[in-house]
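Peer 1: Just the structure for this:
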Amino acid sequence: MNVNLLAGDADVIKQIGDFATILADWAIAFTNWFITFLGSHMLLIISVSFNVCGFGNWNNQKVNSRSLIFNNKL
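Peer 2: Numbers count the residues shown, from 1 in each chain. The predicted structure follows:
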């Protein structure tokens with residue numbers, strides 16, 4: 001994309017349109033990549049998020065609701 005700052009109004013509008021097209025194509029490609037990335041790493045993301053939230057040993061320990069609320073684990 002060549003930018004000519006001395007161009008007329010119609011040319012500037014066309015250049016803005018060209019840039020918007022390039023930006024839209026990049027956004028579509030990035031969105032597709034990001035959805036693919038999330039899908040391929042779903043099990044890893046879920047397991048890490050459960051461990052970070054403090055639910056890693058949820059089935060192995062007795063937990064009452066009062067301790068969850070006071071420890072900000074809810």
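Peer 1: Go through the top helix by length along the chain and flag the buried ones.
Peer 2: The longest helix of the chain (DSSP state H) is helix 9-40. For helix 9-40, a neighbour-count test (16 or more other Cβ atoms under 10 Å) marks residue 15 as buried. All C-beta spots, glycine's among them, are computed from the backbone N, C-alpha and C.
Peer 1: average pLDDT across that helix?
Peer 2: The pLDDT scores in helix 9-40 average 89.
Peer 1: Please report how far residue 32 lies from residue 18.
Peer 2: 22 Å (Cβ to Cβ, to the nearest Å).
Peer 1: actually residue 33, not the one I wrote
Peer 2: Shown here: residue 33 relative to residue 18, a distance of 23 Å by Cβ to Cβ.
Peer 1: List the backbone torsions phi and psi for residue 41.
Peer 2: phi -110, psi 20 (degrees, to the nearest 10).
Peer 1: the domain parsing of this protein - what is it?
Peer 2: The chain resolves into domains spanning 1-40, 42-74 when parsed by automatic domain parsing.
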